[in-house]
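Chemist: okay, predicted coordinates and the sequence, questions at the end:
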Amino acid sequence: MKNVVNDDKIGDFRDLVNSNSSFVYHTYKDKNGKNLFHLVCSCMDCGVFQGSWHSLLKF
């Protein structure tokens, strides 16, 4: 299977979300009446589990 997104981009995305976790959660938990935070979680799950983003689920 061909990699579409390289590992560096995935790592950069995780780092960005982790460094702005509260903003990301509050921005995407209710976007025009839809909870889009699960999409961020799915992207964070790409590859090996890393970071502390799962702590956001306590909100």
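Modeler: Yep, that arrived.
Chemist: which secondary structure element contains the spatially most central residue of the chain?
Modeler: Note on the chain: the residue nearest the mean C-alpha position is Val40, at 3.5 Å, using CA atoms, centre = their mean. For Val40, the element it lies in under DSSP states H and E is helix 37-44.
Chemist: next one: that helix to chain centre, how far?
Modeler: 5 Å (CA atoms, centre = their mean, to the nearest Å).
Chemist: just checking, what packs against it?
Modeler: Under the contact criterion of 3 or more CB pairs under 8 Å, 6 or more residues apart in numbering; DSSP states H and E, helix 37-44 touches helix 7-19, helix 21-28. Every C-beta, even on glycine, is put in place using the N, C-alpha and C of the backbone.
Chemist: what sits against Phe37?
Modeler: Val24, Tyr25, Tyr28, Lys29, Leu56 (CB atoms under 8 Å, 6 or more residues apart in numbering).
Chemist: and Val5, how far from Phe13?
Modeler: The gap separating Val5 from Phe13 is 9 Å, by CB to CB, to the nearest Å.
Chemist: go on, Ser19?
Modeler: Taken as CB to CB, the span from Ser19 to Phe13 is 11 Å.
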